[in-house]
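Novice: next input, structure requested:
(one chain, ligands or ions: 2)
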Amino acid sequence: MNNKTSFSLIAPAKLNLFLHINARREDGYHELETLFTFLNFGDELHFELTTDGSISVGGDTKNIPLNDNLIYKAALLLQTHCKTSLGVKINLIKRLPMGGGVGGGSSDAASTLLALNKLWKLALNLETLAQLGLKLGADVPVFIQGQSAIAHGIGEKLHHVKLEQKWYCVVHPNQHVSTAKIFTHPDLKRDTPKIIGDWKHHTLTNDCEPLVKKLCPEVEKTLQWLLKYAPSKMTGTGSCCFVEFASQVQAQDVLENLPHTWQGFVASSANVSPAHTELTAIFDQ
Ligand SMILES: C[C@](O)(CO)[C@H](O)COP(=O)(O)OP(=O)(O)OC[C@H]1O[C@@H](n2ccc(N)nc2=O)[C@H](O)[C@@H]1O
Ligand SMILES: Nc1ncnc2c1ncn2[C@@H]1O[C@H](COP(=O)(O)OP(=O)(O)OP(=O)(O)O)[C@@H](O)[C@H]1O
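Specialist: Ligands and ions are numbered 1, 2, ... in the order given. Predicted coordinates:
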């Protein structure tokens with residue numbers, strides 16, 4: 001039995017390697033088809049058990065009110081669901097750009113649920129945690145399940161796929177794109193037909209890209225600049241853009257030449273979420 005009362009856990013970034021929007025549902029959400037991969041780069045969360053039921057979140061969270069913070073919301077949701085009297089002190093080191101399309105907030109929430117399930121010895125299975133996570137955001141379940149996947153539905157119906165490991169240079173053009181703004185925009189393309197057969201034989205795009213490029217010229221500029229190196233794509237509803245390579249050196253070369261007005265990072269992809277890999281190393285060894 002592992003009795004750890006404090007530990008750190010990564011909240012990794014995700015990329016949408018393609019993102020098709022098939023329809024708008026009556027509740028305003030959209031039916032999607034998207035390919036998720038995880039990156040070996042992310043936020044870092046530190047968890048420390050408290051026995052008085054208190055939940056606190058510190059660190060790089062200054063501009064997010066506590067009640068809106070997905071980390072706090074995830075901890076409270078789990079505590080209420082399981083009626084535990086235990087609490088937690090959480091500290092966040094933020095590395096992922098907010099509103100960047102790399103799923104930072106959703107990943108923070110998922111890593112919080114995964115970590116507290118262990119810290120509070122709740123023994124909930126991943127399916128139950130994913131259902132709870134879906135209440136916090138459409139992107140949370142994939143981070144809970146922790147395997148690269150094609151997602152359907154609003155992003156919660158997951159079909160695991162194995163992808164070759166690649167290296168990515170991800171660029172943040174210093175723009176915050178609101179996911180809600182893109183999904184409610186009248187000009188969003190919402191009628192891409194569902195893929196029939198093997199997705200590898202289809203043209204794979206991000207349906208949000210044309211609209212985001214129009215609303216946010218800096219994203220268009222970033223995609224153009226990256227084209228010098230490789231085919232460029234946007235992730236999620238932006239604003240981060242990325243290029244894919246077989247080797248770290250190629251990805252690093254892009255980062256080294258990046259204009260100073262943009263930020264970026266280089267990371268390899270992973271079929272299993274690094275949060276799951278870390279959690280196994282902490283608790284099962
Ligand atoms: C764009 C993606 O990042 C692709 O992975 C996700 O679909 C967004 O996931 P997320 O940020 O966890 O999304 P939520 O927090 O649930 O919703 C943010 C906003 O996006 C809209 N939204 C989200 C997912 C979806 N399938 N259809 C939507 O229309 C919601 O109506 C909401 O206004
Ligand atoms: N812990 C958190 N980290 C980041 N954002 C948070 C957090 N808690 C709440 N938020 C809110 O969630 C919003 C979206 O954050 P996030 O970083 O997940 O965007 P994103 O990368 O565009 O996500 P997605 O790809 O899922 O659309 C932020 O603008 C912020 O207001």
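Novice: can you tell me the helix or strand for D253?
Specialist: helix 248-256 (DSSP states H and E).
Novice: mind listing residues that contact that helix?
Specialist: For helix 248-256, the external contacting residues (CB atoms under 8 Å, 6 or more residues apart in numbering) are 167-169, 171, 226, 229-230, 243, 245, 264-266, 268. The way it works is simple: take the backbone N, C-alpha and C, and place the C-beta from them, glycine included.
Novice: give me the buried positions along it.
Specialist: Within helix 248-256, the residues that count as buried by 16 or more other CB atoms under 10 Å are 250-251, 254.
Novice: circling back to that earlier point, quick check, nearest of the contacts of helix 248-256 to ligand 1?
Specialist: Y168 (15.8 Å; CB to the nearest ligand atom).
Novice: just give the closest residue to the closest one, not the sequence neighbours.
Specialist: F242 (5.0 Å; CB to CB, 6 or more residues apart in numbering).
Novice: quick one: the helix or strand the one you found falls within near ligand 2?
Specialist: Using DSSP H and E, the element containing F242 is strand 241-245. No - using CB under 6 Å from any ligand atom, we find that strand 241-245 stays clear of ligand 2, coming within 12.7 Å at best.
Novice: which elements pack onto that strand?
Specialist: strand 167-172, helix 217-226, strand 232-234, helix 248-256 (3 or more CB pairs under 8 Å, 6 or more residues apart in numbering; DSSP states H and E).
Novice: on that earlier part again, let's have the contacts of helix 248-256 in CSV, adding distance to T277 and neighbour count.
Specialist: Below are those laid out as CSV (distance: CB to CB, whole Å; neighbours: other CB atoms under 10 Å):
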residue, distance to T277, neighbour count
W167, 18, 21
Y168, 18, 28
C169, 22, 27
V171, 26, 27
L226, 29, 20
Y229, 29, 16
A230, 27, 16
V243, 25, 21
F245, 22, 19
G264, 24, 22
F265, 19, 21
V266, 19, 21
S268, 13, 17
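Novice: and K214, how many neighbours does it have?
Specialist: Using other CB atoms under 10 Å, K214 has 12 other residues around it.
Novice: doesn't it lie inside a helix?
Specialist: Yes - secondary structure of K214 (DSSP: H, G, I helix; E, B strand; the rest coil): part of a helix.
Novice: E31 belongs to a strand?
Specialist: Yes - E31 forms part of a strand when assessed by three-state DSSP.
Novice: my guess is it contacts G155. True?
Specialist: No - taking contacts as CB atoms under 8 Å, E31 lies outside contact range of G155: 9.6 Å.
Novice: picking up where we left off before, close to ligand 1, is the strand holding F242?
Specialist: No - using CB under 6 Å from any ligand atom, strand 241-245 stays clear of ligand 1, coming no nearer than 13.7 Å.
Novice: what lines up beside that strand in the sheet?
Specialist: strand 167-172 (antiparallel), strand 232-234 (antiparallel) (DSSP bridges).
Novice: tabulate the contacts of helix 248-256 (JSON lines), appending distance to K214 and pLDDT.
Specialist: Listed next are these as JSON lines, based on distance: CB to CB, whole Å; pLDDT from 0 to 100:
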{"residue": "W167", "distance to K214": "30", "pLDDT": "98"}
{"residue": "Y168", "distance to K214": "25", "pLDDT": "98"}
{"residue": "C169", "distance to K214": "24", "pLDDT": "98"}
{"residue": "V171", "distance to K214": "19", "pLDDT": "98"}
{"residue": "L226", "distance to K214": "18", "pLDDT": "98"}
{"residue": "Y229", "distance to K214": "24", "pLDDT": "98"}
{"residue": "A230", "distance to K214": "23", "pLDDT": "98"}
{"residue": "V243", "distance to K214": "22", "pLDDT": "98"}
{"residue": "F245", "distance to K214": "28", "pLDDT": "98"}
{"residue": "G264", "distance to K214": "23", "pLDDT": "97"}
{"residue": "F265", "distance to K214": "26", "pLDDT": "98"}
{"residue": "V266", "distance to K214": "29", "pLDDT": "98"}
{"residue": "S268", "distance to K214": "32", "pLDDT": "98"}
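Novice: now, among those residues, which is nearest to A75?
Specialist: Proximity of the contacts of helix 248-256 to A75 was ranked by CB to CB; the top entry is F265 with 27.1 Å.
Novice: A strand includes the closest one, no?
Specialist: Yes - counting by three-state DSSP, F265 is found in a strand.
Novice: residues touching it, list them.
Specialist: 41, 95, 169-170, 255.
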